[in-house]
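Asks: let's see this in three dimensions:
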Amino acid sequence: MPSLIETSRGLSILSFSRRGIVATLLLFATSPTNASTLNRVRQTKTLRCGINRETAEYSTSDDHGGREAFDADLCKAVAIAILGPNARTTLTNYPDDVTSMAALRAGKVDLLPTLTLDLKHSASAALTFSPPLLYDGIGFLVPITANLTHASDLSDKKICFLAETEVEVNLRTWFEKQHLKFLPFPFQEEGEMEAAYVTGNCAALAGNRTRVASTRVAFGPLAARYALLPEQISKDPLAAASRTDDPAFANIVRWVIEVLLNAEAAGLTQSAAAALLPPSRKAPLSSSRSAAEGSASPAQDPTLQILTGQTHEIGPSLGLDNAWAVHVIAAVGNYGEIYDRDLGDRSPLKLPRALNRLDTQGGLMVPLPLK
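Replies: You can find the predicted model right below:
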């Protein structure tokens, strides 16, 4: 007689028999946790992304600022890689990391384009992360008229920040290590903190650079009176998060990011990539045109050959077509273009690239080889 085994889902299946093997296979094939994100995206022709706004009144574990445009471009890049130029995305806003992670685990969204990559988040058995794609960290916003040029100038001066975040811990640690006097001025509510700051009650506003840059934008006409000091006293990496039940999808997300970085390193811009695409965007890519402005042709540069699909190797290993990378770059640009447009000089945030420069420019962004 075959024996009965209780499974973790409360179902009984027969073991040591053909019927039991079939039942086991059906159980795992239909399990929600084994459902393919990639298949769902292809069936619905839509990628669903969660945008973590980290509203100050809700988010106490993170202190990042708004990066909705950056996240939207990353979401679009992944969608185009999977679905092609006509890909659709849906964006759902969440007030903090806790609710956005819960939505991802529950299958309400397919991807969180940026989530803090730390032990607390990455230890979750349900989530998998890409390598860091954006380095945030604590910086200082100061009045230009105060003539403060470095963080060391803030010794013995009041510093405003949001309480019950990691900001205070990092501030205390940094001031102690620098042997400087720390004068904290914590706030529970962002509006009160901003009012105290613009009325001169504290010498600097501290927080993750995306947060203080967003705060400066909120000052409206007064924004031009304030500047970010050059120092970033902590590293807070952000990465794309997806569910662990679909490693093929997670692998695509990872290599979309690597393609964006490689495109910048190789000089392949949005306009140059778009010029490679025929009007119908269906015919094979032309290998006779220049692939990058001021750089080598695909025939001469191995990275450009791969990015433009000339080697026919970038697609099969990921289950994608060979033109996906150039379609992505033509749609959103390379990493540097995305940063500049959404966070940097061409954006309202005017956030210096700092650690988010390529490694060849003194930053921490290191493109992995496309081979």
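
Asks: grab the nearest non-local neighbour of the residue nearest the centre of the chain.
Replies: The chain has Thr114 as the residue nearest its centroid, 3.3 Å off, counting by Cα atoms, centre = their mean. Distances taken as Cβ to Cβ, 6 or more residues apart in numbering place Leu238 nearest to Thr114, at 4.2 Å, with adjacent residues excluded. Where you see a C-beta, it was placed from the backbone N, CA and C, and this is true even at glycine.

Asks: and for Leu180?
Replies: For Leu180, the spatially nearest residue (Cβ to Cβ, 6+ apart) is Ser155, at 3.8 Å.

Asks: swap in Ser347?
Replies: Arg341 (6.3 Å).

Asks: do the same with Ser122
Replies: Phe129 (5.5 Å).

Asks: and Thr145, by the same measure?
Replies: Arg225 (7.2 Å).

Asks: what does the pLDDT read for the one you found?
Replies: On pLDDT, Arg225 comes in at 96.

Asks: can you check the one 4 residues further on too?
Replies: Residue-level confidence at Leu229 comes out at 97, pLDDT.

Asks: tell me, how many residues neighbour it?
Replies: 21 (other Cβ atoms under 10 Å).

Asks: could you check how far it is from Ala218?
Replies: Distance of Leu229 to Ala218, given as Cβ to Cβ, to the nearest Å: 19 Å.

Asks: check the gap between the residue nearest to Ser347 and Ser122 for me.
Replies: 29 Å.

Asks: okay, the two: which has more neighbours?
Replies: Under the neighbour definition other Cβ under 10 Å, Arg341 and Ser122 were set side by side, and Arg341 has more, 17 against 14.

Asks: coming back round to it: tally of neighbours for the residue nearest to Leu180?
Replies: Neighbours around Ser155, by other Cβ under 10 Å: 13.

Asks: that one contacts Trp174, correct?
Replies: No: in this structure, Ser155 is not within contact of Trp174 by Cβ atoms under 8 Å, at 11.3 Å.

Asks: one step back: do I have it right that the residue nearest to Ser347 meets Gly333?
Replies: Yes: counting by Cβ under 8 Å, Arg341 does reach Gly333; the two are 7.1 Å apart.

Asks: where do the strands of the protein begin and end?
Replies: 4-6, 12-14, 46-52, 88-94, 112-116, 127-129, 134-136, 138-143, 158-162, 183-187, 204-208, 226-228, 236-243 (DSSP state E).

Asks: quick one: the fourth one to strand 112-116, angle?
Replies: It refers to strand 88-94. Orientation check (axes from the mean of the first three to the mean of the last three Cα atoms, to 10 degrees): strand 88-94 against strand 112-116 gives 30 degrees.

Asks: buried ones in strand 88-94, by neighbour count?
Replies: Along strand 88-94, these residues count as buried under the neighbour rule (16 or more other Cβ atoms under 10 Å): 89, 91, 94.

Asks: distance check, the last one against Glu190.
Replies: Applying Cβ to Cβ, the value for Tyr94 to Glu190 is 17 Å.

Asks: ok, the second one next?
Replies: As defined by Cβ to Cβ, Leu91 lies at a distance of 23 Å from Glu190.

Asks: for the first one, same thing?
Replies: Distance, Thr89 to Glu190, by Cβ to Cβ: 29 Å.
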